[in-house]
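Novice: Generate a structure from the sequence data that follows.
(one chain, ligands or ions: 1)
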Amino acid sequence: MLRDDFLWGGAVAAHQVEGAYDEDGKGLSVVDVLTAGSHSVPRRITDGVQPGEVYPNHWAIDAYHRFEEDIELFAQMGFKALRTSIDWSRIYPQGDDDQPNEAGLAFYDRVFDCMRAHGIEPVVTLVHFEIPLHLAKEYGGWGNRQLIDRFERYATTCFERYHQKVTYWMTFNEINNQYNFRNELYGWTNSGVRFSQAADPERLMYQAAHYEFVASARAVMAAHRIDPALKVGCMVAANPVYPFSCHPDDALLAMDAQHDTLFFSDLQCRGYYPGYARKLFERRGWDMDITARDLDELAAGTVDYLGYSYYLSNTIDHAAGPADGYDPIACSDPRMVDNPFVPSTDWGWRIDPKGLRYMMKLFDERYALPQFIVENGIGLVEELNAAGTVEDDARIAYLRAHIEQMERAVDEDGVDLMGYLVWGCIDPVSYSTGEMKKRYGFIYVDVNDDGSGTGDRFKKKSFDWYRKVIQSNGKDLA
Ligand code: BG6
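Specialist: Residues are numbered from 1 along each chain as shown. As a prediction, this is how the structure comes out:
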């Protein structure tokens, strides 16, 4: 049985819903220079905002002006919690400003007050890909140790301002995406770095991640100092990696490949470098900037809970590529192959509900920490019908199957689970493609890829379905 205070709800991120990219003193962030893409066209990073380019995050779904209407709809579904992020570039527009931007702080006061007025618990990510562009361009992003202090100040400002309104926090969203350092988008949005321009992108990825781990640990300590009631989690993208066959090389390779998630959760949940990482640094001959003080802080600032997203699983086959089990093995690795037992979405994301239970068990056995599923959902091509709704049975089927597995992990495996949040509970701009066409919500938003549309909100079929799920605390999934 799920606990009585189980946090059912949904999740979005500031840059994917707010729009208003240059209002009330907001600075540019790294996503403000990302062009529109699609499944086959990668988003590009432009040098500042360029005329003639299309930047979907500049308008998103205009939640900056419509958040009250949206929160009212979430309340109708019975949400207990809503996850969003604070956009760092609204609070410290350049990242290194002397003073925070009061208009930005006041905006989030209004957002959190509105949630509380509806009995909705805010769950807040400090960095969901919204690093001030100035820090990326002038400091080299998280490749620079100075960002630890900049972030600590930003985090402290947020804790001091909102600690009576926000109890649940997370530091860096999907901090492990950048493990796939050959993908330019991930490095840019995780860390504000261009790995393709680095002399040794792999080393830079580990160095940037290290500075983020230290920054995250300092934020945990600051939060507890400011208000011992605050709970701070990490956030990783949890993707199981299965061996393609029972060949021992596949099994070993899958273990190594799983470090794409576990390296990041190990550091933040356990607070020390695992042997496999220390050996990798040794083999590479890297002189990493990791000080004794850093190691003390990592140990002292472990997280209160493990937050993660779950969408899909991966499968690896040693025979499909070069034999080197010691490289970081990311999803771009040629040895990552199709799994004949699981179907995929239109965007090639493998639909695998049991993979969620697999990760829940793996995390529980490794860390024995409270867990929080802070993203799960499916992106679908959808259109409003004549009745002004969307018959999104495919979404209902996807969520039902995942909730069933989640409940088994709690009931049968003993996982300590705090809550479950559906990603993109109102259609957001897609992170990876910048599309509106890839829709996730219980609520349809009339905005098209080019920003046209009325912006009006419409309830999909899943809206009532999820209301019943929440009302029955997960018993009524019909
Ligand atoms: C996660 C991110 O990667 O998955 C979200 O935390 C993102 O920001 C979500 O939107 C779904 O991905 P996408 O690319 O389909 O929007």
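Novice: Buried ones in the strand or helix carrying residue 221, by neighbour count?
Specialist: Assigned by DSSP states H and E, residue 221 belongs to helix 201-226. For helix 201-226, burial by neighbour count (16 or more other CB atoms under 10 Å) applies to 201-224. (C-beta placed from N, C-alpha, C; glycine too.)
Novice: Can you tell me whether I have it right that residue 246 is in a strand?
Specialist: No - assessed with DSSP: H, G, I helix; E, B strand; the rest coil, residue 246 is coil; it does not lie in a strand.
Novice: In stretch 270-285, which residues are buried?
Specialist: So, applying 16+ other CB under 10 Å, buried residues of stretch 270-285: 270-271, 273, 277, 280.
Novice: What is the most widely separated pair among the residues you listed?
Specialist: Farthest pair in the buried residues of stretch 270-285 (CB to CB) is 271 and 280. Separation: 18.7 Å.
Novice: Please save the CA atoms from the next helix or strand after the helix holding residue 221 in PDB.
Specialist: Using DSSP H and E, the helix or strand that follows helix 201-226 in sequence is strand 231-237. Taking C-alpha atoms only, strand 231-237 is exported to PDB below (Å, rounded to 0.1, in the frame of the first residue of the first chain):
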ATOM      1  CA  LYS A 231      14.500  17.800   2.300                       C
ATOM      2  CA  VAL A 232      16.900  18.000  -0.600                       C
ATOM      3  CA  GLY A 233      17.300  15.300  -3.200                       C
ATOM      4  CA  CYS A 234      19.400  14.600  -6.200                       C
ATOM      5  CA  MET A 235      17.800  13.900  -9.600                       C
ATOM      6  CA  VAL A 236      19.000  11.400 -12.200                       C
ATOM      7  CA  ALA A 237      17.600  10.000 -15.400                       C
END
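Novice: For strand 231-237, give the mean pLDDT please.
Specialist: The average pLDDT within strand 231-237 is 98.
Novice: near the ligand, which residues of the chain show up?
Specialist: Counting by CB under 6 Å from any ligand atom, the residues of the chain close to the ligand are 13, 16, 173-174, 237, 309, 375, 379, 423, 430-433, 438.
Novice: try it again with 8 Å
Specialist: 13, 16, 128-129, 173-174, 177, 235, 237, 309, 311, 347, 349, 375, 377, 379, 423-424, 428-433, 438, 440 (CB under 8 Å from any ligand atom).
Novice: So which of those are in strands?
Specialist: Among these, DSSP state E puts 235, 237, 309, 375, 423 in strands.
Novice: Which one (most neighbours) among the residues you listed?
Specialist: residue 235 (29 neighbours; other CB atoms under 10 Å).
Novice: In contact with that residue, which residues are there?
Specialist: Contacts were defined as CB atoms under 8 Å, 6 or more residues apart in numbering; by that measure residue 235 touches 125, 170-175, 307-309, 374.
Novice: Tabulate the residues you listed (TSV), appending pLDDT.
Specialist: Shown next, in TSV, are the contacts of residue 235 (pLDDT from 0 to 100):
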residue	pLDDT
125	99
170	98
171	99
172	98
173	98
174	98
175	98
307	99
308	99
309	98
374	99
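Novice: Highest neighbour count among the residues you listed?
Specialist: Within the contacts of residue 235, most neighbours by other CB under 10 Å means residue 307, with 33 neighbours.
Novice: now residue 174, nearest residue through space, not along the chain?
Specialist: The shortest distance from residue 174 to any non-neighbouring residue, by CB to CB, 6 or more residues apart in numbering, is to residue 237 (4.3 Å).
Novice: That neighbour is in contact with residue 176, isn't it?
Specialist: Yes - at 5.8 Å, residue 237 and residue 176 qualify as touching, with contact defined as CB atoms under 8 Å.
Novice: Report how many residues lie close to the closest residue to residue 332 other than its chain neighbours.
Specialist: Spatial nearest neighbour of residue 332, excluding adjacent residues (CB to CB, 6+ apart): residue 182 at 5.2 Å. For residue 182, the count of nearby residues is 16 (other CB under 10 Å).
Novice: Quick check: residue 182 touching residue 333?
Specialist: No - checked against CB under 8 Å, the pair residue 182 and residue 333 is beyond contact range at 9.2 Å.
Novice: mind listing the helices for the stretch 351-478 of the chain?
Specialist: In the stretch 351-478 of the chain, the helices defined using DSSP state H, counting those that start in this stretch lie at 353-367, 393-411, 461-471.
Novice: Save the ones you listed as a markdown table, and put in distance to residue 87 and mean neighbour count too.
Specialist: Converted to a markdown table, the helices of the stretch 351-478 of the chain look like this (distance: least, CB to CB, whole Å; neighbours: other CB atoms under 10 Å):
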| stretch | distance to residue 87 | mean neighbour count |
| --- | --- | --- |
| helix 353-367 | 29 | 20 |
| helix 393-411 | 27 | 19 |
| helix 461-471 | 27 | 18 |
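Novice: Kindly reformat these as JSON lines containing mean pLDDT.
Specialist: Formatted as JSON lines, the helices of the stretch 351-478 of the chain follow (pLDDT from 0 to 100):
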{"stretch": "helix 353-367", "mean pLDDT": "98"}
{"stretch": "helix 393-411", "mean pLDDT": "98"}
{"stretch": "helix 461-471", "mean pLDDT": "98"}
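Novice: who wins for proximity to residue 266 among those?
Specialist: Among these, the nearest to residue 266 by CB to CB is helix 353-367 (7.9 Å).
Novice: other SSEs contacting the closest one?
Specialist: helix 259-270, strand 305-310, strand 371-376, helix 393-411 (3 or more CB pairs under 8 Å, 6 or more residues apart in numbering; DSSP states H and E).
Novice: Please consider this matter closed, and thank you.
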